[in-house]
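J.: Got a sequence here, can you build the structure:
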Amino acid sequence: MAPRRSSRRTRAPTRFGYSGRYEPYPVSRNASKINDLRKQPGRRNVSDKEIVIPAPPVTAKQLKIKSIDMLLERNKREHHTSEYEIDELILRRGQSFTLEVEFDREFKPAQDNITIELRFGNRPRVSYGSRIIIPFAKKKVEDEWCVTLVSSKGTKVCLCVNPGDADMIIGRHELIVITRVNNADENEMKFDDDIFMLFNPWFKKGDVYMEDDKERNEYVMNENGQYFYGSKKQIGSGPWYQGQFEAVALECAMLLLERSSLSQVKRSNVVEVTRAMSAMVNSQDDDGVLVGNWSGDYEDGTSPTTWNGSVAILEEYMKTGQSVKYGQCWVFGSVFTTLMRALGVPTRTTTNFGSAHDTDANLTLDYHYDDNGDPLEDLNDDSIWNFHVWNDCWMARADLPDGYGGWQAVDATPQETSAGIYRMGPSSLTAIKRGHVYLDYDTKFVFAEVNAEKVDWRVSEDGRNFSVIDTDSDYVGMNMSTKAVGRYARHDVTNDYKFREGSVEERTSVATALRSIRRKKRLQKHVSTDVSFSVNIPDDVKIGKDFDVKVTVKNTTSEKRNLFVNVNGKTVYYTGVVAGIAIRDKKYAELKANASTTLVFKVEAEQYIPELVDYAAIKFFIMAGVQQTKQAFSGTYDLSLAKPDLDVSVDDSTVTVDEAFNLTVKFTNPLEINLTQCVFRVEGPGIEGSKSIPYKHIRGNENVQLNARLTPKRSGSRQFIVGFNSKELTNLTGYKTINVSS
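T.: Now for the predicted structure:
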């Protein structure tokens with residue numbers, strides 16, 4: 001059966017916005033492709049012509065500027081931007097910076113005046129905040145832009161630029177130094193390079209200020225990421241090289257902001273920038289970074305499980321100018337983390353286990369089955385992903401009432417449209433937790449992802465009778481995970497999103513949310529206690545091994561009971577979409593009064609191995625019925641088969657910048673079958689040499705060893721990540737942290 005992709009549409013939505021020429025005009029995200037934009041009466045012309053600010057004429061009395069030194073090393077150190085692999089100056093807004101200017105004569109404060117301008121874009125205007133004119137002052141004036149004299153020696157002066165606010169436009173700015181003599185004879189010089197302006201999580205008055213040093217170091221400065229996958233009982237993790245300080249990361253972030261069609265004013269707003277980047281990471285509307293693919297067919301691109309870092313993706317996007325094939329949620333989320341950290345916004349990659357996709361927004365996920373326990377896919381519009389990865393960004397929310405700042409949920413995976421564009425958030429975690437689903441942006445959708453209730457329906461053969469078998473409020477929004485601060489470990493953030501399941505606070509939150517939802521959520525389970533059912537599925541099954549599913553039934557009455565148990569196991573994509581059949585078996589039992597028995601269902605590797613996809617997940621739906629009482633039982637259980645880790649080691653005792661070293665990778669094929677189309681991928685900071693290494697066919701149960709020669713380009717503690725993929729076995733990972741000396 002062909003995989004079903006729930007609610008993913010390729011229609012290019014339209015919206016009202018500003019074209020490059022006229023407004024109002026309905027334009028799509030691909031407005032540049034629309035040729036027939038005619039001037040019409042009554043439509044105001046919005047010029048995109050460059051504003052040219054003429055240079056002053058040369059006069060004999062001018063204080064001429066000979067050179068400008070932006071003191072790169074000092075400013076980068078003070079602005080925490082030394083790690084960026086970019087030669088230009090990178091500043092964080094809201095913080096002062098210094099520069100040295102050399103003149104053709106000695107600076108005389110009594111007659112000479114210095115002004116500095118910062119200009120953004122090709123139409124800089126004071127009213128838009130894209131042209132900032134900074135006057136000279138004898139001393140710093142709090143909360144006002146000013147230039148003060150630090151020192152003067154001969155023909156050189158050292159100046160300090162003091163910011164008046166923390167609302168500068170994020171992007172590339174030009175810096176111009178202007179001199180006047182007795183308020184006349186103006187002279188100017190533009191600094192040769194652009195200056196990058198970023199968000200500032202160190203600035204207390206800023207909108208992304210993060211007080212805790214350890215958290216700030218993790219969510220802004222740490223290049224070594226981690227994402228979580230699997231199921232709520234079998235949680236796996238993979239390393240991810242964020243690489244936010246690689247040159248390509250910041251360059252790509254700036255390009256995406258340019259392409260996002262955000263106005264100059266909105267590019268100073270962290271909420272708007274975050275929302276725009278959520279859309280630009282996927283390619284659905286705007287030729288963004290990644291093409292999503294959940295089909296299992298990746299022949300014309302790269303399988304999502306192959307990626308283990310953002311840099312290779314961003315480099316391909318920047319080099320080709322085309323959206324990179326392919327990504328899935330953990331790839332979208334990890335790349336988004338890289339781009340937002342590059343811009344200075346504290347960001348973490350978050351996984352929700354049992355993630356609901358509630359298509360009708362009623363907070364219930366309705367699953368329909370026939371009398372044999374087989375799903376009726378035609379009736380099942382909702383879905384539950386085994387796991388789903390999105391992001392949390394830290395920011396103030398001036399657009400919301402007080403108290404809703406802090407972590408905000410953002411999702412770059414194209415699931416549903418928000419205001420006509422495939423994006424989600426930012427949505428306040430405080431609003432989600434309290435059930436305040438009416439607050440911007442997309443809070444109702446996220447609330448359902450972590451709070452929806454699963455309802456199992458049995459449908460009669462003629463399709464006329466529907467009965468609720470069971471409801472489950474514990475299946476969705478479980479063990480929400482992100483990387484722990486300062487270490488490679490799982491940190492549970494479920495409490496950030498929801499109150500304890502079943503608590504008074506959680507029920508109040510749901511009741512609050514229901515006031516904004518058109519159909520009531522079912523809160524009570526349909527319960528029968530005549531016969532009890534207990535299901536046991538082992539948690540530690542290694543891929544390639546047989547295992548048993550055990551169902552224990554107990555008759556609690558003084559009369560005999562006849563019953564059936566149906567076990568339906570399907571291999572699934574992590575989105576919950578069925579890929580193949582692992583087991584389909586039905587057993588009958590007769591229980592005497594107060595008796596119990598255990599029914600054993602064997603799941604054979606020979607059956608499930610050919611049907612496995614990506615994360616080796618099997619979803620079991622178990623349905624049972626009692627003949628005498630019509631009692632029904634149902635349950636859904638997720639199993640992620642364990643894969644081997646890659647053993648990564650370094651032969652050399654000392655690793656030095658610009659000197660090659662040997663990286664050794666070992667693992668044993670856990671399957672009885674041969675592995676074909678084998679590829680290793682190595683990712684790390686500033687590697688020169690092979691990143692993608694094809695490998696020969698690997699025989700069943702064969703021991704494998706790969707030796708790779710790599711050259712590091714940056715000193716310090718650096719992590720190198722290795723991934724392995726083949727046609728039959730995917731997503732094996734390992735990493736090694738190495739101290740690289742300079």
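
J.: Could you list the buried residues of stretch 657-674?
T.: 661, 663, 665, 667, 669-671, 673 (16 or more other CB atoms under 10 Å). In this view, the C-beta of every residue, glycine as well, is placed from N, C-alpha and C.

J.: Among the residues you listed, which are located in strands?
T.: 661, 663, 665, 667 (DSSP state E).

J.: Any chance of those in JSON lines with distance to residue 258 and pLDDT as columns?
T.: Shown next, in JSON lines, are these (distance: CB to CB, whole Å; pLDDT from 0 to 100):
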{"residue": "661", "distance to residue 258": "39", "pLDDT": "90"}
{"residue": "663", "distance to residue 258": "38", "pLDDT": "91"}
{"residue": "665", "distance to residue 258": "40", "pLDDT": "96"}
{"residue": "667", "distance to residue 258": "43", "pLDDT": "96"}
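
J.: Nearest to residue 632 among the residues you listed?
T.: residue 667 (45.1 Å; CB to CB).

J.: For residue 622, see how far away the closest one is.
T.: 34 Å (CB to CB, to the nearest Å).

J.: Okay, strands next: where are they in the stretch 101-250 of the chain?
T.: For the stretch 101-250 of the chain, the strands defined by DSSP state E, counting those that start in this stretch cover 112-120, 131-134, 146-153, 156-162, 171-181, 184-190, 195-198, 224-230, 235-241.

J.: most neighbours per residue, which of the ones you listed?
T.: Mean neighbours per residue, mean count of other CB atoms under 10 Å, is largest over the strands of the stretch 101-250 of the chain for strand 224-230, with a mean of 24.

J.: Next, the angle from it to strand 235-241.
T.: Using axes from the mean of the first three to the mean of the last three CA atoms, to 10 degrees, the direction of strand 224-230 lies 150 degrees away from that of strand 235-241.

J.: How about exporting strand 224-230 as CSV, limited to the C-alpha atoms?
T.: Taking C-alpha atoms only, strand 224-230 is exported to CSV below (Å, rounded to 0.1, in the frame of the first residue of the first chain):
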residue,chain,number,x,y,z
ASN,A,224,27.6,20.0,19.2
GLY,A,225,23.9,19.2,19.1
GLN,A,226,21.8,16.2,19.9
TYR,A,227,18.3,15.1,18.8
PHE,A,228,16.1,12.4,20.1
TYR,A,229,14.0,9.8,18.2
GLY,A,230,12.3,6.4,18.7
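
J.: Check which helices and strands that strand sits against.
T.: With contacts taken as 3 or more CB pairs under 8 Å, 6 or more residues apart in numbering; DSSP states H and E, strand 224-230 sits against strand 235-241, helix 329-342, strand 347-357, strand 383-395, strand 478-483.

J.: Next, format these as JSON lines and append distance to residue 516.
T.: As requested, the helices and strands packed on strand 224-230 are exported to JSON lines (distance: least, CB to CB, whole Å):
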{"stretch": "strand 235-241", "distance to residue 516": "32"}
{"stretch": "helix 329-342", "distance to residue 516": "26"}
{"stretch": "strand 347-357", "distance to residue 516": "17"}
{"stretch": "strand 383-395", "distance to residue 516": "21"}
{"stretch": "strand 478-483", "distance to residue 516": "23"}
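
J.: Look up how far residue 350 lies from the residue nearest the centre of the chain.
T.: Nearest residue to the geometric centre of the chain (CA atoms, centre = their mean): residue 333, 1.9 Å. Distance from residue 333 to residue 350, counting by CB to CB: 8 Å.

J.: Tell me how far the residue nearest to residue 619 when sequence neighbours are not counted lies from residue 384.
T.: Distances taken as CB to CB, 6 or more residues apart in numbering place residue 572 nearest to residue 619, at 4.8 Å, with adjacent residues excluded. Separation of residue 572 from residue 384 (CB to CB) stands at 10 Å.
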